[in-house]
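> For reference, the sequence and a predicted model appear below.
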Amino acid sequence: MTATTSKRSAVHGTFTIERDYPFPPERVFAAWAALEAKSQWFAGPKGEWKQKHRELEFRVGGREHLSGTWKGGKVSHFDSLYFDIVQNERIVFAYDMHIDTTRISVSLATVEFKRADGGTKLVLTEQGVFLDGYDDAGSREKGTQGLLDGLGLYLKSSS
């Protein structure tokens, strides 16, 4: 990760990730909606990141905050605002990310929960802008894939 504030820039990126979970949409959706559940899978990588603070107000107009410290001492901040929530079907939120005090990105994310083959097809689409020299190099998509892997493990372990 690099961030430079002497040169202003905006680099855009979009990705879509699809996952199939052998659980009904109500169960998969609930893992996004409750603080206790989301705390089990939506976090930085174990051994590399330690949570500092977490809040979740899951409602249209509600906010979410998650911050943590990385090995080496840098602090990441995730701050989101929920724009659209359709129970068991869709979540739309915007969020920005900071490393220490530097904003590195702003994103719009849509998570869709579709009933499929006795389970759920989750479709996550993210549109982001990486700011002022921050070189993402695909790490946001890779990190999101890791979060969705963690969601799958959480769903299996809590059944």
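Arrived safely, thanks for sending. Residues are numbered from 1 along each chain as shown.
> alpha carbons only for contacts and neighbour counts from here, please
Will do.
> which helix of this structure spans the most residues?
Scanning the chain for the helix with the most residues, using DSSP state H, yields helix 139-157.
> Centroid-nearest residue for the protein?
Central residue of the chain (Cα atoms, centre = their mean): Thr144, 6.1 Å from the mean position.
> If I look at that residue, what pLDDT would I see?
At Thr144, the model reports a pLDDT of 96.
> Repeat that for the one 5 residues further on.
The confidence metric pLDDT takes the value 97 at Asp149.
> and it, how many neighbours does it have?
Neighbourhood size, Asp149 [other Cα atoms under 10 Å]: 14.
> which residues touch it?
Under the criterion of Cα atoms under 8 Å, 6 or more residues apart in numbering, Asp149 has no neighbours.
> Next, work out how far apart it and Arg8 are.
34 Å (Cα to Cα, to the nearest Å).
> now swap in Thr120 and tell me
41 Å.
> Packing partners of the strand ranked longest in the chain?
For the chain, the strand with the greatest residue count under DSSP state E is strand 102-116. When contacts are defined as 3 or more Cα pairs under 8 Å, 6 or more residues apart in numbering; DSSP states H and E, strand 102-116 sits against helix 25-33, strand 90-99, strand 119-131.
> Tabulate the ones you listed (JSON lines), appending distance to Phe42.
Listed next are the helices and strands packed on strand 102-116 as JSON lines, based on distance: least, Cα to Cα, whole Å:
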{"stretch": "helix 25-33", "distance to Phe42": "9"}
{"stretch": "strand 90-99", "distance to Phe42": "14"}
{"stretch": "strand 119-131", "distance to Phe42": "14"}
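> just so I know, which of the ones you listed lies nearest Ala109?
Ala109 sits nearest to strand 119-131 of all those, at 4.4 Å, using Cα to Cα.
> from what I can see His53 touches His65, true?
Yes: applying Cα atoms under 8 Å, one finds His53 in contact with His65, separated by 7.5 Å.
> Looking at the two, which one has more neighbours?
Higher neighbour count among His53 and His65: His65, with 15 against 11, using other Cα under 10 Å.
> Which residue, other than its chain neighbours, is closest to that one?
Spatial nearest neighbour of His65, chain neighbours left out: Asp79 (4.6 Å); criterion: Cα to Cα, 6 or more residues apart in numbering.
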